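K.L.:
can't give you the sequence, but here's the structure:
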């Protein structure tokens, strides 16, 4: 199910929404010129880390292979941070929607999760 086009589309939207949420959170938490650095820097750091690490035997082009459980924990931490950021911004309903959508994605991608854990 993890390679189903609908699930891949949901994953893409979740990743983009997470980066946007982190950027908005950085903007709201900073003042003056610092807010620009946080609003741009936090999503860039998150996206760079996301693109840097892969699991062994992954056909992707990410340069650094790490154990699958670490990759899974990183993904979950990023989505959890984005969910918390929405909650911290007082977008409680949106935080719940995002969190539940993320959970449903991982449940639907159980085959991918099991594959990652085995790597």
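P.N.:
Here it is on my side, so go on. As the structure is a computational prediction, the values presented were derived from the model and not from experiment. Numbering: from 1, shown residues only.
K.L.:
which residue ranges of this protein form strands?
P.N.:
53-54, 64-65 (DSSP state E).
K.L.:
and those strands: which comes nearest residue 21?
P.N.:
For those, the distance to residue 21 is smallest for strand 53-54, at 20.7 Å, taking Cβ to Cβ. C-beta here means a position set from N, CA and C on the backbone, and glycine is covered the same way.
K.L.:
please name every helix or strand in contact with the closest one.
P.N.:
If you count contacts as 3 or more Cβ pairs under 8 Å, 6 or more residues apart in numbering; DSSP states H and E, strand 53-54 packs onto strand 64-65, helix 68-88.
K.L.:
do you know how far the residue sitting furthest away from the middle of the chain is from residue 87?
P.N.:
Note on the chain: the largest C-alpha distance from the chain mean falls to residue 32, namely 27.2 Å (Cα atoms, centre = their mean). For residue 32, the distance to residue 87 equals 25 Å [Cβ to Cβ, to the nearest Å].
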